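[1] This is a predicted model, with the sequence first.
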Amino acid sequence: MKFLVTGGAGFIGSNYMHYVVNKYENDIFVCLDALTYAGNYNNIKNLESKPNFKFVHMDIRDVDGIDSLFEKEKFDCVINFAAESHVDNSIKGPNLFADTNVLGTMNLMNACRKYGNIRYHQVSTDEVYGDLPLDRPDLKFTELTPIHTSSPYSSSKAGADLQVMAYYRTYGLPVTISRCSNNYGPYQFPEKLIPVVISKALKNEKIPVYGRGENVRDWIHVIDHNIGVDMIVRNGKIGEVYNLGGHSERTNLEVVKTILKQLGKDESLIEYVTDRPGHDLRYAIDSTKVEKELGWNRTYTFENGIEETINWYVDNQKWIDDIKSGEYKKSYVKSLK
């Protein structure tokens, strides 16, 4: 089979590329990425020599480019990781999130319809469900939880999900959706909580924590997430949504303190800052459906996953330094020489 994986140079997408390219040697994987600020060609550079890997530099908003690519490559399946994903950025500039996350998704599905009703999978987020109260630990998001968004980011992802299901019902496009909790692991752009904390702690810089750090997230290792996506793509029921959660709820403050403790840093580095507007209180995923139907289960606990993740960032500080200096933006151009 030939797969198109969009957003394949980003955090989750690049980890997915490493997983599937190495696991399925008889399948072809075309990795498409616009290489905007969070896309990093260095994340996938070591896949260049693989005969079942190909990179295409393109934006999913490029209607003509997407159409030409589909006509040329004749894909069997499309997996869409491409998205603007930082909540803070969506608050500052929401239009880009609608353009990429909604219209870009529709461009891909229009091409799927045009070129043979191609199998389509949408990678989404638990943030489309809104949030849960801190004093009700018994409550979790299920696939039947109504969409109730809080930010321009989550609204754009919800809008894309609604379009995906509309294309299934209206046009019969064979689709699935996965909604995951907060990911962590290698190659995460250093604007998200865990890589920010690690990189700042290593340099003994102040670590900003929103509010009192009481907001709760359910953490899933990126490898566990991608194993789940692969299972859904290959064996999921068409027209269905599947939740993928890590069963690892932690307050933001607990996460920060865990990292500081492993790095041998003092908690005095923590600096409480004004809370984010509309900050969701708690996320928690019920993964029962994917566990029972497809046999998915997490392989990482938060304890061993965060230890491995911290060690990766400690061993790959040049990766972070290249991002902060902007050097990483030259990686794709250099690969063409």
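    That came through, no problem. Residues are numbered from 1 along each chain as shown.

[2] Give the helix, strand or coil label for V56.
    Look at V56: counting by DSSP: H, G, I helix; E, B strand; the rest coil, its state is strand.

[3] hey, what's the nearest residue to it once chain neighbours are set aside bridged with?
    Distances taken as C-beta to C-beta, 6 or more residues apart in numbering place L32 nearest to V56, at 4.6 Å, with adjacent residues excluded. Where C-beta positions appear, they are placed from N, C-alpha and C, glycine not excepted. Counting by DSSP bridges, L32 forms beta bridges with T6, V56.

[4] which residues touch the helix or strand bottoming out on mean pLDDT in the chain?
    Lowest by mean pLDDT, DSSP states H and E among the helices and strands of the chain is helix 331-335, with a mean of 77. Contacts to helix 331-335, defined as C-beta atoms under 8 Å, 6 or more residues apart in numbering, come from residues L35, N40, Y41, N42, K45, E48, H57, D322.

[5] Among the residues you listed, which are located in helices?
    Applying DSSP state H to the contacts of helix 331-335, the entries found in helices are D322.

[6] For ChimeraX, write the selection for the buried entries among the contacts of helix 331-335.
    A single ChimeraX command is used to select the members of the contacts of helix 331-335 judged buried by 16 or more other C-beta atoms under 10 Å:
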select :35,40,41,42,45,57,322
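
[7] between the contacts of helix 331-335, which is nearest D131?
    Within the contacts of helix 331-335, the smallest distance to D131 is 30.0 Å, found for N40 (C-beta to C-beta).

[8] Quick check: the residue nearest to that closest one when sequence neighbours are not counted vs K74, distance?
    Nearest non-adjacent residue to N40, counting by C-beta to C-beta, 6+ apart: Y328, 5.1 Å away. Distance from Y328 to K74, counting by C-beta to C-beta, to the nearest Å: 32 Å.

[9] ok, those two, which is more surrounded?
    Y328 (21 against 10; other C-beta atoms under 10 Å).

[10] Assign the more buried one to helix, strand or coil.
    Under three-state DSSP, the three-state class of Y328 is helix.

[11] now V255
    helix.

[12] what ranges do the helices span in the stretch 1-150 of the chain?
    For the stretch 1-150 of the chain, the helices defined by DSSP state H, counting those that start in this stretch cover 11-23, 63-73, 87-92, 94-98, 104-114.
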